[in-house]
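Colleague: generate coordinates for the sequence data below:
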Amino acid sequence: METLRKEVGALGWLIRMAILGSIAAAVYKELQLPPEKRTWHGQLFGFLPYDFRMPSPARIVKAWWSPRSPKVLTEQPFGVGWAINLPTAIRRLQQMRSPSR
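Modeller: Here you go, the predicted model:
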């Protein structure tokens, strides 16, 4: 049991360092641009979205609650990474649980 606790602790540390490293990389990327060209949103490594603009209520709702969208993962309204579109995720889980007819 102690080994499992250490392994989970090490995994948690790796995840935290990956998140902090991604935040640092996004800020560094923006600071490399001239001040007039900084947008504070974009992508790292061509796939990891980031957005450090002040989130609006509409962006928060769009990220977490967009039932008409087929996407489960949406861009985070603030920070680095993705948010989960809850209605679509729930719908997909229900489809997986129901037997095919």
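
Colleague: quick check: longest helix of this structure.
Modeller: The helix that spans the most residues within the chain, counting by DSSP state H, is helix 2-31.

Colleague: go through it and flag the buried ones.
Modeller: Burial within helix 2-31, assessed by neighbour count using 16 or more other C-beta atoms under 10 Å, is assigned to Ser22, Ile23, Ala26, Glu30. (Each C-beta comes from the backbone N, C-alpha and C, glycine too.)

Colleague: low-confidence ranges in this structure?
Modeller: For the chain, residues meeting the criterion pLDDT under 70 lie at 100-101.

Colleague: what is the residue nearest the centre of it paired to in the beta sheet?
Modeller: In the chain, the centroid-proximal residue (C-alpha atoms, centre = their mean) is Trp82; its distance is 1.8 Å. The partner list for Trp82 in beta bridges (DSSP bridges) reads Glu75.

Colleague: make 57 the starting number, not 1.
Modeller: That works, and once the first residue is 57, the last one we named lands at Trp138.

Colleague: which residues touch it?
Modeller: Contacts for Trp138 were tallied using C-beta atoms under 8 Å, 6 or more residues apart in numbering; they are Pro105, Leu129, Thr130, Glu131, Gln132.

Colleague: farthest-separated two in the buried residues of helix 58-87?
Modeller: Greatest spacing in the buried residues of helix 58-87, by C-beta to C-beta: Ser78 and Glu86 (12.9 Å).

Colleague: where's Leu129 relative to Val136, distance?
Modeller: Separation of Leu129 from Val136 (C-beta to C-beta, to the nearest Å): 13 Å.

Colleague: who has more neighbours out of these two?
Modeller: Val136 (22 against 14; other C-beta atoms under 10 Å).
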